[in-house]
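*Asks:* Okay, structure incoming, though there's no sequence with it:
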C-alpha cells in the first residue's frame, strides 16, 4: 500500500483529452455481438434483438466513496465496474456494456489513470462486458468515476423489487458484513501508518475481509444457479447499502412486511472474529454493513425444497403482511423492529 | 441573475439520499413506450424492438464546465440534458431516455436541487425523453452532473463519423460562435459585478448570444428535415468542441481531408457585432468557439440541388483526399491549415 516514489509520471495536460481517450481505449476490445459501435463516435450503437435493455448507473467520488490511501487504483477501477454490474444481475439480467466517465485533477499522472483502467479492463474481461463510451475531463478536486452499465434480459423476465408476496421465503447469497469489516481494518491501518510509517501491518487474519472491501465480485453466477434449480425469484435486489436497507426497499415497494432470523444470517468466520476484536455486534454488521454485493431475493414457499441446504443460498426469513412491519427475530426469540441504517452519503461536509 | 437571499433552505442531510430521490422523481412521468421501468429498481428496463440502441454520456463539473455565478441552476439542468441529446441526434437517432447522476456539497439546499431538476424536467418534456435512473450523492466540493442519454435508430441507419467520402459536401446547421461569445459577455459581467455589485447590466444587444450559452437547444429537427429532402448524410457529428475540432474528428476517422470556405461560415449578426466589440476574429470564433450544438455532416455531391439555399443548412466546403489535409480558404483566397483548437478541459489546475 506504499507508493513507489520513482515511478514514471506523464502529465495529463501533455496528452490532452483526445490523446488520453486514445491512449486508454486502445487496450480495450469488444466481445459482445450486441456491441455494434463502441468508443469513437457521438454515441455507442447497440443491437437489442428481442430482449429488453437494462440500464444502471453509479457515481463514485474520492473522499466520499473511496480513499486512495488504501484503495489501489487498479482495485478502484475494478470495483467501480463491479458495483454497477451487480445492479444488472439483481434484475436477473446479463451485463454486456459499460460506459465510464472520469474526472481527475492534475494530481493524477497518466500512469495513475492507466492503473485505474487496467482494473476496469480486468473487470470487463472477467465479466465479459464491453467498454463502449464515456467522458474524460479535469476536476477541480480529486477523482470521480461515473459508470453506467447496460445489460439484457429476456422479455418479461426482469425481476423487480416490488413483487414480493406474503409467505415468500427471503434468501441471500454468500455471506454478509465482511466488506464493512475490511473497511474498518483498512481505516485502522491508515491511522497506525500515520503514527508510525515504518510499521509493517500484519493483515493475515483479515485477508477475506480486505478482499471483500477492495475487490468485491458481483454475483453473475446466481442467474444460472437459479435456472438450474428451476427457481424464478419473485423479487430481487443487490446488497449494496446493507441488508436492512435492501429489505426496506423490497418491503416498501412490495407493500409487505418481513421476519428475518438473527441465527440465519450468513457470517464468515473472519467476520465473527473481527467483530469480537473490534467490539462490534456481528448482527448489526450483517444488517447495516453494506458493500457486500450479494443478492437478496424472495422465492415462493413452494420452492423451499429446491433451495434448502444449497451452499450458495441462505434462507434468512419470510415475507409477512405489510402491517407486521419489518422484524428481526433474535437468537433469544425476541422481535425487534428493523431500521434502514444503510450508509447515507449525503451527510458529508463541503 | 442575482440570488434571492430570503429563499427557503432545506438541508439535503435532513432528507437523506432516498428522501431526495423520492422528492425529485415524483414530478417526472415517463412518456415513451420503450420505457418499461424507469426509476425505483436496481436498473431501468427498456424495450428495444427491432431498432438499435444509442448510448452517450457526459460529465459536467462546477468550476470546469459551468460557473454558477452566471448559470442559473434551472438552465444548467436543461443544458446538461441537451448536450447529451445532441450526441444522439448526431447519430441520426431519436433520444428516448436519460439517466442523471448528481453529486452536491452541502452548500446546496433542496430548493437549489429542485431548480436544477426543474430544468432537467423541462428538457425531458421539450425533447420527449424519460428520466429512467441515476445516482445522488454528496461531493467534497461543488456540484457535478453525469448524464447518460439513450436513443434509438433504425437498424443500419446510424450515421457515423468515419464514413465521409472524397467530393462530399460539408454542411452545418444553424450558425456558429454565438455560445462562445455569450460566455465572453457573461464573464465580463461577472467581473463588472465584482467591482460594482450595484451596476445593472444592459444585455439587450447580446440576447441571442446569452441564450445560446445558457439555454442551448439540440437539433432534434434535423433528422426530419433531411428525411423530407430525401438526404442521408454520409457522416455526422455535433458541434460541441468547435467546428474545427469536429472537422478533425470526421476527417481523421474517415481518412480524408477537407476544404472549408471562410465566407460560407454561418454567423449571426450579433456574433459579428460582438466580435468587433471584443476585438475577436469572427472566423476564429466560428471555428473554435464550441458549445453551438449544431450538427456538422457530409452529403454526397449529388444532393447539392436538394440542400442548396435551404435556410436550415449552410454548405461550408467539401471533402478532399487525405493528403490535402484540412484547409480553410480565406476570403482573400488563401489556403490556411486548420488546427483543432477545441476546448481542452484537461489543462485545469487542482
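*Replies:* Yep, that arrived. Owing to the predicted nature of the structure, the values given are computational and were not obtained by experimental measurement. Numbers count the residues shown, from 1 in each chain, chains lettered A, B, ... in the order given.
*Asks:* which residue is nearest the middle of chain A?
*Replies:* In chain A, the residue lying closest to the centroid (Cα atoms, centre = their mean) is residue A:83, at 3.2 Å.
*Asks:* How much space separates residue A:131 from residue B:249?
*Replies:* According to Cβ to Cβ, to the nearest Å, residue A:131 stands 19 Å off from residue B:249. Yep, even glycine has a C-beta here, placed from its N, CA and C like the rest.
*Asks:* out of these two, which sits in the busier spot?
*Replies:* Legend: neighbour count by other Cβ atoms under 10 Å in any protein chain shown for residue A:131 and residue B:249, higher for residue A:131 (26 against 21).
*Asks:* Can you tell me the closest non-neighbouring residue to that one?
*Replies:* Distances taken as Cβ to Cβ, 6 or more residues apart in numbering or on different chains place residue A:28 nearest to residue A:131, at 4.8 Å, with adjacent residues excluded.
*Asks:* For that neighbour, which three-state class applies?
*Replies:* Following DSSP: H, G, I helix; E, B strand; the rest coil, we place residue A:28 in the coil state.
*Asks:* cool, and the one 5 residues further on?
*Replies:* Three-state assignment for residue A:33 (three-state DSSP): coil.
*Asks:* Across the sheet, point out what pairs with the closest residue in space to it that isn't next to it in sequence.
*Replies:* Computed as Cβ to Cβ, 6+ apart, the closest residue to residue A:33 that is not its neighbour in sequence is residue A:47, at 7.2 Å. With DSSP bridges as the criterion, residue A:47 is bridged to residue B:52.
*Asks:* Looking at the backbone only, give me phi and psi for residue A:196.
*Replies:* Dihedral pair for residue A:196: phi -140, psi 90, per degrees, to the nearest 10.
*Asks:* ok, how many other residues are close to it?
*Replies:* For residue A:196, using other Cβ under 10 Å, the count is 8.
*Asks:* How much space separates it from residue A:185?
*Replies:* Here residue A:196 is placed at a distance of 17 Å from residue A:185 (Cβ to Cβ).
*Asks:* follow-up on the earlier one: which residues does the residue nearest to residue A:33 contact?
*Replies:* Listed by Cβ atoms under 8 Å, 6 or more residues apart in numbering or on different chains, the contact set of residue A:47 reads A:33, A:34, A:35, A:36, B:52, B:53, B:155.
*Asks:* tally of neighbours for the closest residue to residue A:130 other than its chain neighbours?
*Replies:* Leaving aside its sequence neighbours, residue A:130 sits nearest to residue A:30 (Cβ to Cβ, 6+ apart; 4.1 Å). Neighbour count for residue A:30, taken as other Cβ under 10 Å: 19.
*Asks:* Is residue A:30 in contact with residue A:129, as I believe?
*Replies:* No. Using Cβ atoms under 8 Å, residue A:30 is not in contact with residue A:129, being 9.5 Å away.
*Asks:* quick one, helices of the stretch 251-350 of chain A?
*Replies:* All helices of the stretch 251-350 of chain A, identified by DSSP state H, counting those that start in this stretch, fall at A:269-278, A:282-288, A:304-307.
*Asks:* name the helices or strands packed onto the first one?
*Replies:* Contacting helix A:269-278 under the criterion 3 or more Cβ pairs under 8 Å, 6 or more residues apart in numbering or on different chains; DSSP states H and E are the following elements: helix A:178-195, helix A:207-214, helix A:282-288.
*Asks:* Need the mean per-residue confidence for the second one.
*Replies:* What that stands for is helix A:207-214. For helix A:207-214, mean pLDDT is 96.
*Asks:* Just the buried residues of the helix or strand following that helix, please?
*Replies:* Proceeding C-terminally, helix A:207-214 gives way to helix A:222-228 as the next helix or strand, assigned by DSSP states H and E. Under the neighbour-count criterion of 16 or more other Cβ atoms under 10 Å in any protein chain shown, helix A:222-228 has A:222, A:223, A:226 buried.
*Asks:* now the second one: how far from chain B?
*Replies:* Separation of residue A:223 from chain B (Cβ to the nearest Cβ, to the nearest Å) stands at 13 Å.
*Asks:* No further questions, thank you.
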